[in-house]
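I would like to see how this sequence folds:
(one chain, ligands or ions: 2)
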Amino acid sequence: MTQKKKIAILGSTGSIGTQALDIARSNPDKIEIEVLTANSNAELLISQAKEFNPSHVVIADENKYQTVKDALAEFDIKVFAGSQSIADVMDITSADTVLTAMVGYSGLQPTIKAIQNKKRIALANKETLVVAGELITKLCEENHVEIIPVDSEHSAIFQCLVGENLNAIDKVILTASGGPFKGKKREELLEITKLQALKHPNWNMGAKITIDSATLMNKGFEVIEAKWLFGLKPEQIDVVVHPQSIIHSMIEFNDGSIKAQMGLPDMKLPIHYAFFFPERIKTDFKRLSFSEVNSLTFEKPDMETFRNLTLAYEAMHKGGNMAY
Ligand code: NDP
Ligand code: MG
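Numbers count the residues shown, from 1 in each chain. Ligands and ions are numbered 1, 2, ... in the order given. Take a look at the predicted model:
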């Protein structure tokens, strides 16, 4: 690899953002951080900016502007505040790749601007495709912009598709851990607490996605995300519960052959892959050992108890603005 990757991280203080910076920290000869943004965590944003020396830093919370500005006064870093500035910075940054790791709808506007500025999108913020899949897909086509998925299931599908561009997909099979309440029925879920919902069995993630995983809303979002990313019909997307989270997802091709991508549940892998695609760069991440995995199991999702997944399919079938 010759040129350094110039990366903007939107939501650098979150779970995905900090793991992305771990990767940047381990690859100083390959990655340059151009932009860092946060909502209100000024303290962490400041320390990240001091370490990675980006050209631009944005804090959405305008009350924190002065604190960030003062702390970085001695650095050659431009500081901005406000949600609009997170989008506007896409017009001026020289980053070539934008990691969208903000939460919810807040990621939409900056992603649109990043695409208009022809940045490659490393997409963690799935909500962008849930709320505006059609718009984003069209914009990417018009601007010849590639989206490299970071969500582990979609990264798995993307990885399985390499070298298969002539071949037809029959269906994709998204795996789901089932979350902390797998196996429970509605009546048993009446007394659950927020703390229980925030304890994901396999993944350590931000609060919103952890709650969405406990209700299977996250899987519903991922079904819609897959539809847009891979141009699929709703009936081509299956979900299977796989509690070990070793198989990150699968594709069944038209000849009946199934490809799966596997690894330990560690978001650093798909983030790393998205940064360096199409290259694979050596990592020191912990490796999967088949002698330590007792079994890989699969079961049907309980669509009656976890109605959000059913709702996502319904929304996708209805189309219109129900699912984008
Ligand atoms: P976190 O809550 O850990 O981090 C969110 C980041 O976005 C923080 O930097 C936060 O800043 C910033 N942010 C939140 N709200 C706003 C806002 N309104 N305006 C500007 N910035 C904002 O989330 P995650 O890292 O877990 O998730 C990020 C995205 O990635 C989500 O869309 C999620 O679905 C997706 N994703 C996450 C995975 C994971 O393993 N965590 C896996 C797959 C997808 P501050 O710290 O100041 O609040
Ligand atoms: Mg996922």
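
Just give the number of residues close to the one residue in the stretch 151-300 of the chain that gets nearest to ligand 1.
Ligand 1 sits closest to residue 206 of the stretch 151-300 of the chain, with a gap of 2.5 Å, by Cβ to the nearest ligand atom. All C-beta spots, glycine's among them, are computed from the backbone N, C-alpha and C. By the criterion of other Cβ atoms under 10 Å, residue 206 has 16 neighbours.

That one contacts residue 18, doesn't it?
No - using Cβ atoms under 8 Å as the test, residue 206 is too far from residue 18 to be in contact (10.1 Å).

what residues does this protein put near ligand 2?
151-153 (Cβ under 5 Å from the ion).

what are the ranges of the strands in the chain?
Listed in chain order, the strands of the chain (DSSP state E) span 5-10, 31-38, 56-59, 78-81, 97-100, 120-123, 147-149, 169-176, 237-241, 247-253, 258-262.

What strands flank the fifth one, and is each parallel or antiparallel?
Strand pairing for strand 97-100, determined by DSSP bridges: strand 5-10 (parallel), strand 120-123 (parallel).

Any chance of JSON lines for those, columns mean pLDDT?
Shown next, in JSON lines, are those (pLDDT from 0 to 100):
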{"stretch": "strand 5-10", "mean pLDDT": "98"}
{"stretch": "strand 120-123", "mean pLDDT": "98"}
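
can you tell me which of the ones you listed comes nearest to ligand 1?
The nearest among these, by Cβ to the nearest ligand atom, is strand 5-10 at 7.2 Å.

Just send the strands of the chain back as CSV, with mean neighbour count too.
Listed next are the strands of the chain as CSV, based on neighbours: other Cβ atoms under 10 Å:
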stretch, mean neighbour count
strand 5-10, 26
strand 31-38, 25
strand 56-59, 26
strand 78-81, 20
strand 97-100, 26
strand 120-123, 25
strand 147-149, 23
strand 169-176, 21
strand 237-241, 19
strand 247-253, 21
strand 258-262, 17
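
of all those, which lies closest to residue 106?
Nearest to residue 106 among the strands of the chain is strand 5-10; the distance by Cβ to Cβ comes to 8.9 Å.

and for the closest one, what are the contacting residues?
With contact meaning Cβ atoms under 8 Å, 6 or more residues apart in numbering, strand 5-10 is reached by 17, 20-21, 24, 30-37, 86, 89-90, 93-102, 107, 110, 114, 119, 122, 125, 275-276.

Report the contact partners of the residue positioned nearest the centre of the chain.
The centre of the chain sits closest to residue 124, judged by Cα atoms, centre = their mean, with a distance of 1.9 Å. Taking Cβ under 8 Å, 6+ apart, we find residue 124 in contact with 11, 16, 99-101, 150-151, 271.

again, only using 6 Å
16, 100-101, 150 (Cβ atoms under 6 Å, 6 or more residues apart in numbering).

and of the residues of the chain next to ligand 2, the nearest to residue 59?
Distances from residue 59 to the residues of the chain next to ligand 2, taken by Cβ to Cβ, are shortest for residue 151, at 25.7 Å.

what's the closest non-adjacent residue to residue 256?
Leaving out its chain neighbours, the residue that sits closest to residue 256 by Cβ to Cβ, 6 or more residues apart in numbering is residue 170, at 7.7 Å.

quick one: pLDDT of that neighbour?
Note on residue 170: pLDDT of 97.

That one touches residue 255, doesn't it?
No - Residue 170 is not in contact with residue 255 according to Cβ atoms under 6 Å; the separation is 8.7 Å.

Show me which residues of the stretch 201-324 of the chain are close to ligand 1?
Contacts of the stretch 201-324 of the chain with ligand 1, taken as Cβ under 6 Å from any ligand atom, map to 203, 205-209, 267.

Sounds good, over and out.
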